[in-house]
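J.: missing the sequence, but the structure's below:
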C-alpha cells in the first residue's frame with residue numbers, strides 16, 4: 001500500500017526523527033495509529049456516559065440553567081489545562 005502524506009504531516013514526521021522521538025517514519029505512523037485506535041476505543045466505551053451528559057445539559061438549558069459561552073469556554077480551558085498537566089508524558 002502506498003500513502004500520500006501532506007507536507008505539514010511530513011514535517012511532523014521529520015521533526016520527530018530529528019528530535020530522536022522516532023527512529024523512522026513507520027514508527028511515527030504506527031504510534032499515531034495506535035493513539036487514534038485508543039481514542040476511538042475510549043469514545044466507544046464512554047458513548048453512553050457522553051450521551052447522558054449531553055442530555056443532562058440540554059435539559060438544563062430547557063430549564064433556563066445555561067451559562068454564558070465565554071464562562072463555559074473558560075471552564076473548559078481550565079479543565080483541559082489541568083488534564084494536560086496531570087497526564088503529560090514528561091512532567092515539568
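T.: Cool, the structure landed. Values in this document were obtained by computation on a predicted structure and should not be read as measured data.

J.: C-alpha only now, for contacts and for neighbours.
T.: Fine.

J.: Name the residues of stretch 30-50 that are buried.
T.: Of the residues in stretch 30-50, none count as buried by neighbour count, 16 or more other C-alpha atoms under 10 Å.

J.: what about that stretch, average pLDDT?
T.: Averaging pLDDT along stretch 30-50 gives 95.

J.: List the contacts of the biggest helix by length in the chain.
T.: Longest helix in the chain by number of residues (criterion: DSSP state H): helix 25-45. Helix 25-45 is contacted from outside by 13, 14, 16, 17, 22, using C-alpha atoms under 8 Å, 6 or more residues apart in numbering.

J.: among those, which two are most distant?
T.: 14 and 22 (9.1 Å; C-alpha to C-alpha).

J.: for residue 22, helix, strand, or coil?
T.: Assigned by DSSP: H, G, I helix; E, B strand; the rest coil, the conformation of residue 22 is coil.

J.: follow-up on the earlier one: most neighbours among the contacts of helix 25-45, which one?
T.: In terms of neighbours by other C-alpha atoms under 10 Å, the contacts of helix 25-45 top out with residue 13 at 22 neighbours.

J.: And that residue, its phi and psi?
T.: In terms of degrees, to the nearest 10, the main-chain angles of residue 13 are phi -60, psi -50.

J.: give the contact list for it.
T.: Counting by C-alpha under 8 Å, 6+ apart, residue 13 touches 25, 28.

J.: pLDDT at it, what is it?
T.: 95.

J.: any idea how far the residue positioned nearest the centre of the chain is from residue 33?
T.: Nearest to the mean C-alpha position of the chain, by C-alpha atoms, centre = their mean, lies residue 39 at 7.6 Å. From residue 39 across to residue 33, the span is 10 Å (C-alpha to C-alpha, to the nearest Å).

J.: how would you label residue 18: helix, strand or coil?
T.: Per three-state DSSP, residue 18 ends up helix.

J.: what's around it, how many residues?
T.: Using other C-alpha under 10 Å, residue 18 has 12 other residues around it.
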